[in-house]
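1. The following block contains a protein sequence and its predicted model.
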Amino acid sequence: MQSFKLAIAAVLCLSAFGATAQEKVLNLYSARHYQTDEALYSNFTKQTGIKINRIEAGENELLERLRNEGANSPADVFLTVDAARLAKADELQMFQPVKSSVLEARIPAHMRTADWYAFSQRARIIVYNKSTVKTADVQNYEDLANPKLKGKVCVRSGSHPYNLSLGAALVEHLGEQKTEAWARGMVANFARAPKGGDTDQIKAVAAGECGVALANSYYLARMMRSEKPADQQVVAQLGVVWPNQKTTGTHVNISGAGVMKTAPNKANAIKFLEYLASDQAQVYFADGNNEWPVVASVKTSNPALEKLGKFKADTINVGKLAKNQATVQKIYDRAGWK
Ligand code: FE
């Protein structure tokens, strides 16, 4: 009898908790974790009274968790980096379309799809060793496939989302055949088999092991802002190019988020996305990882990005980057870009 009463009490407690959760909670699965995040999230709670339950993990881990949880997932919003990963979640039909006049007004059309939105952007840039490579030889992504650069090119794995998204843009601009020829040319120019992350490529360029590499802008910005003498020495060796300024513009990738199809707190989820597009949140979100906001009117003051200056960005729709992923992976496989 005693235990029966306890069980009823427990059920009552749970349902009371459930009722509050409906109104004042947001369950956020996030693959981003930076210093400015605390302010980013606490301001949302301050403005709306909605408490954020955050589950933070690596990108692939979170996606796997969402897959396993399926319809029972408590997740309201999935926030992650790279169009390829958002595309994966979208392909698995995890998101629901969001209609929001706030998001439509704030986020440029090429930075959103029907199911998810970009909230910050990063560029895939060319870094080269100033004493071994000429600036004129590395102005475009296409140049890295030129036999002139034989034995000089370093880049991370061809199955990494950053390179898949770049390839997806190239497929859109050049077509599949030319993209494959490009990938083959890159592989023929490799200084070494792909290994490590973008920072490792940057360091290898500075050390002279490679002449030129591709890297996301925030890795370079992070090193430029570092006070470690070793990082400063690396940066001093490097030349930096915004690729394809005379053609399609520099390839830009994103961090973004969508509302889960099974979101228990859908209204809160939409409020959260709208908050991420606000002036203040845009600054926190971009600054946290040395990125640029997607809302055009929002300015950050980041000394490294200011030093790198302005550039023409490719304005291909982020959904197109997503769509071409599988095609690009096959192209890279055939080209031997492991
Ligand atoms: Fe990264």
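-> Perfect, I can see it now.
2. Can you give the contact residues for stretch 288-303?
-> 32, 34-37, 40, 106-108, 111, 118-122, 217-218, 221-222, 224-225, 254-255, 277, 279, 282-283, 285-287, 304-305 (C-beta atoms under 8 Å, 6 or more residues apart in numbering). Just so you know, the C-beta spots here come from the backbone N, C-alpha and C atoms, and that holds for glycine as well.
3. and it, which residues are buried?
-> Across stretch 288-303, burial judged by 16 or more other C-beta atoms under 10 Å covers 288-295, 298, 300, 302.
4. what does stretch 124-140 give?
-> Judged by neighbour count (16+ other C-beta under 10 Å), stretch 124-140 contains these buried residues: 124-129, 133, 137-140.
5. so Ala168 makes contact with Val328?
-> Yes - using C-beta atoms under 8 Å, Ala168 is in contact with Val328, at 5.2 Å.
6. In helices, which of the contacts of stretch 288-303 appear?
-> With DSSP state H as the criterion, helices contain 37, 40, 106, 217-218, 221-222, 224-225, 279, 282-283, 285-287, 304-305 from among the contacts of stretch 288-303.
7. before we move on, back to that, for the contacts of stretch 288-303, I'd like a selection string for ChimeraX - just the buried members, please.
-> Of the contacts of stretch 288-303, the buried ones can be selected in ChimeraX as follows, counting by 16+ other C-beta under 10 Å:
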select :32,37,40,106,107,111,118,119,120,121,122,217,218,221,222,224,254,255,277,282,283,285,286,287,304,305
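8. Break down the stretch 1-150 of the chain into its strands, ranges please.
-> Counting by DSSP state E, counting those that start in this stretch, one finds strands in the stretch 1-150 of the chain at the ranges 25-30, 51-56, 77-81, 116-129.
9. what about the residue nearest to Gly49 when sequence neighbours are not counted, distance to Asn53?
-> Nearest non-adjacent residue to Gly49, counting by C-beta to C-beta, 6 or more residues apart in numbering: Lys24, 5.9 Å away. Distance, Lys24 to Asn53, by C-beta to C-beta, to the nearest Å: 11 Å.
10. so who does Lys246 touch?
-> Residues near Lys246 by C-beta under 8 Å, 6+ apart: 139-140.
11. how about the closest residue to Thr113 other than its chain neighbours, phi and psi?
-> Computed as C-beta to C-beta, 6+ apart, the closest residue to Thr113 that is not its neighbour in sequence is Gly319, at 3.8 Å. Dihedral angles of Gly319 (phi, psi; degrees, to the nearest 10) stand at phi -70, psi -30.
12. any idea how far the residue nearest to Met111 when sequence neighbours are not counted is from Val295?
-> Nearest in space to Met111, with sequence neighbours left out and distances taken as C-beta to C-beta, 6+ apart, is Ala118 at 4.1 Å. Taking C-beta to C-beta as the measure, Ala118 falls 10 Å from Val295.
13. Mutual contacts of the two, please.
-> What both Ala118 and Val295 touch, as defined by C-beta under 8 Å, 6+ apart, is the set Ile107.
14. on that earlier part again, contact partners for the residue nearest to Thr113?
-> Residues near Gly319 by C-beta under 8 Å, 6+ apart: 87, 113-114.
15. Most neighbours among those, which one?
-> The residue in these with the most neighbours, by other C-beta atoms under 10 Å, is Ala87 (26 neighbours).
16. how near is it to Lys152?
-> 32 Å.
17. Equivalent analysis for Lys51, please.
-> To Lys152, Lys51 is 52 Å away according to C-beta to C-beta.
18. tell me which residues form a beta bridge with the residue nearest to Met111?
-> Beta-bridge pairing of Ala118 under DSSP bridges involves Gly256.
19. cool, Leu238 as well?
-> Asn129.
20. number of nearby residues for it?
-> Counted by other C-beta under 10 Å, the residues lying close to Leu238 total 18.
21. in the stretch 101-250 of the chain, what spans have low per-residue confidence?
-> Across the stretch 101-250 of the chain, no stretch falls below the confidence threshold (pLDDT under 70).
22. Tell me where it has helices.
-> Along the stretch 101-250 of the chain, counting by DSSP state H, counting those that start in this stretch, helices occupy 101-106, 161-174, 176-189, 198-207, 217-225, 229-237.
23. Please identify the helix or strand for Ala296.
-> If you go by DSSP states H and E, Ala296 is not part of any helix or strand.
24. Distance-wise, check the residue nearest to Gly49 relative to Ala281.
-> On the measure of C-beta to C-beta, Lys24 and Ala281 end up 19 Å apart.
25. ok, the nearest residue to Glu69 once chain neighbours are set aside - contacts?
-> Spatial nearest neighbour of Glu69, chain neighbours left out: Ala75 (7.2 Å); criterion: C-beta to C-beta, 6+ apart. Going by C-beta under 8 Å, 6+ apart, Ala75 touches 27-29, 55, 66, 69, 260, 262-263.
26. repeat that with 7 Å
-> Listed by C-beta atoms under 7 Å, 6 or more residues apart in numbering, the contact set of Ala75 reads 27, 29, 66, 260.
27. For those residues, work out which two are farthest apart.
-> For the contacts of Ala75, the maximum inter-member distance is 11.3 Å, found between Asn27 and Leu66 (C-beta to C-beta).
28. mind giving me the domain ranges of this structure?
-> For the chain, the structural domains run 2-120+253-303, 121-251+318-335, going by automatic domain parsing.
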